[in-house]
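K.L.:
can you look at this prediction? I've put the sequence above it.
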Amino acid sequence: MKEQMITTIRVKQGTKDVLDSLKIIDREPYDSVILRALQYMLEDHLELSNSTKELLKKRIDNIGKGEVLSTEDLLKKIREKRGKENAK
């Protein structure tokens, strides 16, 4: 296995204080703290809300029933909606 290069980064004292507060144990490496924070942030932003999941389920059911719009009909519907919004 290839050895990974270790590097040094500079952070402001306030940033270091935040990283220190996120440590599970005092001796936890900052690398672990940063990776855990990034993974949590990415998982949180990538998780679909229940309402989004329900909407996707309905859309998939509509496709299964053949209730879909052609691209041309969809574009027409979007243009109509934009026209109404611009008229306000």
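P.N.:
Structure received.
K.L.:
could you chop the protein up by domain?
P.N.:
Per automatic domain parsing, the structural domains of the chain span 13-46, 50-87.
K.L.:
make a markdown table from those and add mean neighbour count and mean pLDDT to it.
P.N.:
Using the backbone N, CA and C atoms, a C-beta is placed for each residue, glycine as well. Compiled in a markdown table, the domains of the chain are given as follows (neighbours: other C-beta atoms under 10 Å; pLDDT from 0 to 100):
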| stretch | mean neighbour count | mean pLDDT |
| --- | --- | --- |
| domain 13-46 | 11 | 89 |
| domain 50-87 | 10 | 84 |
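K.L.:
I'd like the ones you listed as a markdown table, with distance to Ile6 appended.
P.N.:
A markdown table is the format used below for those (distance: least, C-beta to C-beta, whole Å):
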| stretch | distance to Ile6 |
| --- | --- |
| domain 13-46 | 9 |
| domain 50-87 | 40 |
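K.L.:
relative to Glu3, which of those domains is closest?
P.N.:
Proximity to Glu3 (C-beta to C-beta) singles out domain 13-46 among the domains of the chain, at 14.4 Å.
K.L.:
what about the closest one, how long is it end to end?
P.N.:
30 Å (C-alpha to C-alpha, to the nearest Å).
K.L.:
spatially nearest residue to Val11 (excluding sequence neighbours)?
P.N.:
Leaving aside its chain neighbours, Val11 sits nearest to Leu19 (7.4 Å; criterion: C-beta to C-beta, 6 or more residues apart in numbering).
K.L.:
the helix or strand harbouring the one you found: how far from the chain's middle?
P.N.:
In this assignment (DSSP states H and E), Leu19 forms part of helix 13-22. Centroid separation for helix 13-22 versus its chain: 24 Å, with C-alpha atoms, centre = their mean, to the nearest Å.
K.L.:
I am finished for the moment; much appreciated.
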